[in-house]
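# Sharing a sequence plus its predicted fold:
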Amino acid sequence: MTLSVPAYAAFSPTEPLRPTVVERREPGPKDVVIDIVWAGICHSDIHTVRDHWGPASFPVVPGHEIAGIVTQVGSEVEKFKVGDHAGVGCMVGSCGECPNCKAGDEQYCSGTGMIGTYNAVGKDGLPTYGGYSDLIVVDESFALKVPDNLPLDQVAPLLCAGITTYSPLRHWNAGPGTRVAVVGLGGLGHMAVKLADAMGAEVTVLSQSLRKKEDGLRLGADHYFATSDKNTFKELKSSFDLILNTVSEVTEIGAFLNLLDRDGTLVQLGLPEHPFPFSPAPLVFGRRRWAGSLIGGIAETQEMLDFCGEKGIGSDVERIESGQINEAYERVLKSDVRYRFVIDGNTFKA
Ligand code: NAP
Ligand code: ZN
C-alpha cells in the first residue's frame, strides 16, 4: 500500500511543471508524516528539471526546502510528536556507516551516497519526491526540529539556502575580524549576508548592479559593490578573507580570486550548467584557495536552525500558490526574486 499525494511535477526538461499525483510509502515505525505548509524554490530545482546537471528521472517533483507540521509519527519515533513544526532539506537518507556519515557529514556519504529529497530512489525502493507536494513521509533522522518562534514560510528556505551558506561560514571561521564577500544576492546570497552578519563578520555584497543595494544593506551588509563596474575589481583587490560565490552561472572566477587576501578562500556554492574557463595564476600569486561546499550535515542543519531561532533570522520570502510555479521559475532565472519564492503547501490539494 502507498499514499497517493497531490504534487506538482516536471515531466520533461522543456515542458512547464503541472499538477499530478505521486505515490509515497506508508509511514513505517521510524517515519514522520509532515503536512507541507511552505516549500521554497531553489535554483537547484530549475537546474535539475532542465537537465543542466544531466538527465533527470522524470517525473521530478522538486523542492528541498520544506517546512510543515507533523501529522503522524511511527511507533519508534523519538524526536517528534504530532503538531510539532518540522523541516526537511536536501537529503532523506544516507548509508549511516561510512566515515563521512559518522562524522555528521551525510551530504558527503561515501557508502551509498546521500539520497536526495527528489530525483533519487529511496531506501523503500520508490522514487523520492520533494516539497512541491501536500505531504512528505520521512525517516525522523532526516527531519529537523524547527524553532517555534520562526514563521514557517521564512523557515522553509533555511533548509537549503540557510544551511548551504551557514556551513562554509562556520567551516572557514567567519566571525568578528573576518572580511566576507558574498557574490550574487539571490536565495543563497541573501541568507549568506544575514548569517555572516549575525556571526559578526564584515560583509560585502558583490552584485551585478546596484539595483538591490538598499536591500543588501538592510539585510546586514556593510558594503555593496556592482561587478559590472570594472573599478570594483581594482578597488577591492586582495581585500577579503572569505568569498562565497552563489552565482548560478559561469563567472570570471579569476577576477573574484584576485579579491582574496593572501591565504584567502573562495568557496564555490553555485553549480552552473557549464564548466569554468580557469587559469591557476590568481591562486598561485597569493596562496589562495578555490574550494567547494555542499549543503551541510543533519546535525549542522539543526545547529543552523537553532542559531536562526536564537537570533530571529528567517528568509525574506515572496509567497505564491502552486499555479504560479512556472512564472516564479522565469523570475528566478531573471534574478527577479526578493529573495526566495515559497509555495503554499495547501494549494497542492487535489
Ligand atoms: P538565485 O536565487 O537565482 O541566485 C543567484 C544569484 O546569482 C542571482 O540572484 C544573481 O545575483 C546572480 N546571478 C545570476 N545570473 C548571473 C549572471 N549571469 N552573472 C552574474 N551573476 C548572476 O539562485 P540560488 O537558489 O541562490 O542558487 C545559486 C546557485 O547555487 C545555483 O547554481 C544552485 O544550484 C546552487 N546551489 C548550491 C548548493 C550547494 O550545496 N553548493 C545548494 C543550493 C544551491 P545578483 O542579481 O545580485 O547579481
Ligand atoms: Zn537548494
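Perfect, thanks for sending it. Ligands and ions are numbered 1, 2, ... in the order given.
# Not including adjacent chain positions, what is the nearest residue to the residue of the stretch 1-150 of the chain found nearest ligand 2?
Closest to ligand 2 within the stretch 1-150 of the chain is residue 42: 3.0 Å, counting by CB to the ion. Yep, even glycine has a C-beta here, placed from its N, CA and C like the rest. Using CB to CB, 6 or more residues apart in numbering and skipping residues adjacent in sequence, the residue nearest residue 42 is residue 160, 5.0 Å away.
# Residue 263 now?
That would be residue 287: by CB to CB, 6+ apart, it lies 5.4 Å from residue 263.
# before we move on, what about residue 21?
residue 4 (5.2 Å).
# Provide the backbone phi and psi angles at the one you found.
Dihedral pair for residue 4: phi -90, psi 120, per degrees, to the nearest 10.
# That one reaches residue 25, doesn't it?
No - applying CB atoms under 8 Å, one finds residue 4 not in contact with residue 25, separated by 11.8 Å.
# Neighbour count: the two, which is higher?
With neighbours defined as other CB atoms under 10 Å, residue 4 and residue 25 compare such that residue 25 has more, 16 against 11.
# burial of the nearest residue to that one once chain neighbours are set aside, as a residue count?
With sequence-adjacent residues excluded and distances taken as CB to CB, 6+ apart, residue 25 is closest to residue 124, at 4.5 Å. For residue 124, the neighbour count with other CB under 10 Å is 16.
# picking that back up, next, count neighbours for the residue of the stretch 1-150 of the chain closest to ligand 2.
The burial count for residue 42: 28, using other CB under 10 Å.
# how close does it get to ligand 1?
Separation of residue 42 from ligand 1 (CB to the nearest ligand atom, to the nearest Å): 5 Å.
# pLDDT score assigned to that residue?
If you check residue 42, the pLDDT there is 98.
# One more: residue 349?
78.
# Tell me who's in contact with it.
For residue 349, the contact set (CB atoms under 8 Å, 6 or more residues apart in numbering) comprises 6, 134.
# what do you get for residue 207?
Contacts of residue 207 (CB under 8 Å, 6+ apart): 183-185, 189, 213, 216, 224-227.
# Ramachandran angles for the closest residue to ligand 1 within the chain?
For the chain and ligand 1, the shortest gap (CB to the nearest ligand atom) falls at residue 186, measuring 1.9 Å. Here is the backbone geometry of residue 186 (degrees, to the nearest 10): phi -120, psi -140.
# swap in residue 194?
phi -60, psi -40.
# from memory it sits against residue 218, does it?
No - look at residue 194 against residue 218 with CB under 8 Å: they stay out of range, at 10.2 Å.
# shared neighbours, the two?
In contact with both residue 194 and residue 218: no residue, using CB under 8 Å, 6+ apart.
# And those two? Which one has more around it.
residue 194 (24 against 11).
# what's the spacing between that one and ligand 2?
Distance from residue 194 to ligand 2, counting by CB to the ion, to the nearest Å: 17 Å.
# ok so, going back, ok, now which ones touch the residue nearest to residue 21?
With contacts defined as CB under 8 Å, 6+ apart, the neighbours of residue 4 are 21-23.
# Mind giving me the PyMOL select for the residues you listed, buried ones only?
The buried residues among those can be selected in PyMOL (16 or more other CB atoms under 10 Å) with this line:
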select buried, resi 22
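# touching ligand 2 at all, the helix or strand containing residue 168?
For residue 168, the host element (DSSP states H and E) is helix 161-171. No - against ligand 2, helix 161-171 shows no contacts by CB under 5 Å from the ion, the least distance being 6.6 Å.
# Flag every buried residue along that helix.
For helix 161-171, by 16+ other CB under 10 Å, it's 161-170.
# repeat for stretch 263-274
Buried, per 16+ other CB under 10 Å, within stretch 263-274: 264-270, 272.
# can you redo those as TSV with distance to ligand 2 and pLDDT?
Output for these, formatted as TSV (distance: CB to the ion, whole Å; pLDDT from 0 to 100):
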residue	distance to ligand 2	pLDDT
264	26	98
265	22	98
266	20	98
267	16	98
268	15	98
269	10	98
270	11	98
272	14	97
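# Please consider this matter closed, and thank you.
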